[in-house]
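Trainee: Coordinates for the following, if possible.
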Amino acid sequence: AAEQAKLQSDRADTAETARLAAEAAEAATVAQLEEQEKRLVQGRETIKNQKQDLEEARHRIELQEVELREHQQRLKLTEDKLRRRLETYEEKQQQSRATTPRVPDGQDSLAKKLIAAEAELEALR
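Mentor: Model prediction:
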């Protein structure tokens, strides 16, 4: 009877040990699942933040593209304006050359003084 009681006690100890081992394994599995769930939530949050950052970057790029187009338009307008000014200047230079009498090189400064004096005289009239 003592042996049987000892066997029953050993079986009960073994069962208790097995139950405790099963509970420990279950607790470890639950802890692993909770950690995985936590990482999954963090991963989803990271993805959400990255998507938001990407959208903000796209928006900034769109704004920069608009600004670039505006700068290009202003540059084209400025180029056209300068081209017209240059054309006007060149036309005036050609007209001036056509109306300015040619003089020998040595008399160039005297001719300039004479032309300036004639222009001043014309202005006074």
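Trainee: separation between residue 72 and residue 84?
Mentor: 19 Å (C-beta to C-beta, to the nearest Å). C-beta coordinates here come from the backbone N, C-alpha and C atoms, glycine included.
Trainee: just residue 94 next, same as before
Mentor: Distance, residue 94 to residue 84, by C-beta to C-beta: 16 Å.
Trainee: Check which element follows the one helix or strand residue 3 maps to along the chain.
Mentor: Element membership for residue 3, per DSSP states H and E: helix 2-99. Using DSSP H and E, the helix or strand that follows helix 2-99 in sequence is helix 108-124.
Trainee: just the angle between that next one and helix 2-99, please?
Mentor: For helix 108-124 against helix 2-99, the angle by axes from the mean of the first three to the mean of the last three C-alpha atoms, to 10 degrees is 90 degrees.
Trainee: Show me what helix 108-124 is packed up against.
Mentor: Applying 3 or more C-beta pairs under 8 Å, 6 or more residues apart in numbering; DSSP states H and E, one finds that helix 108-124 contacts no other helix or strand.
Trainee: Using CSV, list the CA coordinates for that helix.
Mentor: C-alpha atoms of helix 108-124 as CSV (Å, rounded to 0.1, in the frame of the first residue of the first chain):
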residue,chain,number,x,y,z
ASP,A,108,37.2,110.9,-85.6
SER,A,109,37.2,112.9,-82.4
LEU,A,110,36.6,116.1,-84.2
ALA,A,111,33.7,114.6,-86.1
LYS,A,112,32.2,113.4,-82.9
LYS,A,113,32.4,116.9,-81.4
LEU,A,114,30.9,118.3,-84.6
ILE,A,115,28.0,115.8,-84.5
ALA,A,116,27.4,116.6,-80.8
ALA,A,117,27.4,120.3,-81.4
GLU,A,118,24.9,119.9,-84.3
ALA,A,119,22.7,117.8,-82.1
GLU,A,120,22.8,120.4,-79.4
LEU,A,121,22.1,123.2,-81.9
GLU,A,122,19.1,121.2,-83.2
ALA,A,123,17.8,120.7,-79.7
LEU,A,124,18.0,124.4,-79.0
